[in-house]
Structures are given as structure tokens and as C-alpha cells.
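Q: Just to be clear, the model below is a prediction. Sequence and coordinates:
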Amino acid sequence: MFYDPAHGHGLPHNPFKALVSPRPIGWISTRDAQGGANLAPYSFFNAINETPPMVMFSSGSRKIGTDERKDSVANIRATGAFCINMVSYALRDAMNVTCAHYPQGVDEFEKAGLAKAQGKIVDVPYVRDAPAVMECTLHDIITLPGDQDLVLGLVVGIHIDDAHIKDGLLDVTSYQPLARLGYKDYAAIKEVFSLDRPKA
């Protein structure tokens, strides 16, 4: 099939996000200007630079079914900081709880029964049991078409649970990071393989 996104796909559900998969999940924790904590997962997320390390995520500006703006981006605008918690297979249900569009001021850590730890560099809580966490400061927010916000962050601190470092390498199969597919589907990374880069 071929379709022009501007004119529709003719399928029961939009295939676009299923095509661009798997996508890593950035489980973004923030603190609002009053000190309240917020936690929400984003699958339009990735690393964008190695030196210095930088990440990005994008978010629709408003919560589904309400006229209230998304908390994550509003909090980052207010404080200039956030954390990215990597989602393990063991944390899948807790992550799913934090997908809901709760009213402003609701602490998703509490809703999901998650313990907090405090960032060492940024004044933001993170998921204590996450296998890895990146502390970030805001680099820029870019408005995209469709009233989407693209958040660019500079990684200023990285936490890795020592249990997931094997022979000096991060072993992702030891915590099985979740990836977002299309529709309601997810995947967990359980197997990896290596390829040597060929010489030119």
C-alpha cells in the first residue's frame, strides 16, 4: 500500500508509530516550581549526541481529554532540569500506571508505588529501582508542527546499577529494557548480537 499522511491511511489504526519501532522509552521525572514530583513515559525519545551527551524527547502539549498542558514540559520550562529513568521489564506495570493523564499536582511515583531517590546534580527525583538514570539540564525547547514540544537536554550525571555492568560493559539483557512498538504493543530486549564495522 501507499498513502499520503495528509489524506489518511484507510486502516483501522494509524501505522506510523508501528513503522518507526522499536523506540526506546524515556521515563521522564520532573519537579514543578512548588516542589511536587511528576513521572511520565515518552516513546518519542532518543540520544542525539555523544560528546557532550545529549538526549531529546517530544511531547504533545496537552493531556488527552482535557485542555490542561502536559506536566513534564511545563515543569522543565519552570525548573530547567529533568531525569530520564530507563524502564526495565520488571518495571513495566509501574511505567504503565504513569501513562495516565492525571491532573496537575498528582505524584505519579505515589500512584505507581515507586520509591524516589534524589538527583546528585539536578534537584529532581528519580526512580530508585530504575536500572539506569540520566540527570539532565534543559538545552532548548523547540515547538514542532501540531503543537508538539521537542525538548533537548544535556546529560550532566549518569547512574548505573552495578548489577548490570558485566566485564566492563553495560549488559542490557540483565534488565531487559522496554521498547515501544505501535498500537498497545511493547517489546523487551532479551537477546543481542554484535557486528564489526567493516573497513572502508
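A: Happy to help now that I have it. Everything numeric here is computed off the predicted structure, so don't read it as measured data.

Q: Which residue ranges of this protein form helices?
A: Ranges of helices within the chain are 16-19, 71-79, 92-97, 108-112, based on DSSP state H.

Q: could you dump these to CSV with mean pLDDT, mean neighbour count and distance to Pro131?
A: Using the backbone N, CA and C atoms, a C-beta is placed for each residue, glycine as well. As requested, the helices of the chain are arranged in CSV below (pLDDT from 0 to 100; neighbours: other CB atoms under 10 Å; distance: least, CB to CB, whole Å):
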stretch, mean pLDDT, mean neighbour count, distance to Pro131
helix 16-19, 94, 13, 25
helix 71-79, 95, 21, 21
helix 92-97, 98, 16, 12
helix 108-112, 98, 17, 16
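
Q: could these go into JSON lines alongside distance to Gly8?
A: Shown next, in JSON lines, are the helices of the chain (distance: least, CB to CB, whole Å):
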{"stretch": "helix 16-19", "distance to Gly8": "12"}
{"stretch": "helix 71-79", "distance to Gly8": "28"}
{"stretch": "helix 92-97", "distance to Gly8": "29"}
{"stretch": "helix 108-112", "distance to Gly8": "34"}
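
Q: What segments of this structure are strands?
A: 23-24, 26-31, 37-42, 45-49, 54-60, 81-85, 116-118, 125-127, 132-144, 148-160, 165-166, 169-170, 178-180, 186-188 (DSSP state E).

Q: Dump those strands to CSV, plus mean neighbour count.
A: Output for these, formatted as CSV (neighbours: other CB atoms under 10 Å):
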stretch, mean neighbour count
strand 23-24, 18
strand 26-31, 26
strand 37-42, 23
strand 45-49, 14
strand 54-60, 20
strand 81-85, 26
strand 116-118, 14
strand 125-127, 25
strand 132-144, 17
strand 148-160, 17
strand 165-166, 11
strand 169-170, 10
strand 178-180, 21
strand 186-188, 17
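
Q: do you know which of the ones you listed lies nearest Glu108?
A: Taking CB to CB, strand 37-42 is the member of the strands of the chain nearest to Glu108, at 4.0 Å.

Q: about what we covered before: and the strands of the chain as CSV, adding distance to Val73 and mean pLDDT?
A: Shown next, in CSV, are the strands of the chain (distance: least, CB to CB, whole Å; pLDDT from 0 to 100):
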stretch, distance to Val73, mean pLDDT
strand 23-24, 18, 97
strand 26-31, 9, 98
strand 37-42, 10, 97
strand 45-49, 13, 98
strand 54-60, 5, 95
strand 81-85, 9, 98
strand 116-118, 21, 98
strand 125-127, 17, 98
strand 132-144, 7, 97
strand 148-160, 5, 97
strand 165-166, 33, 98
strand 169-170, 29, 98
strand 178-180, 19, 97
strand 186-188, 23, 98
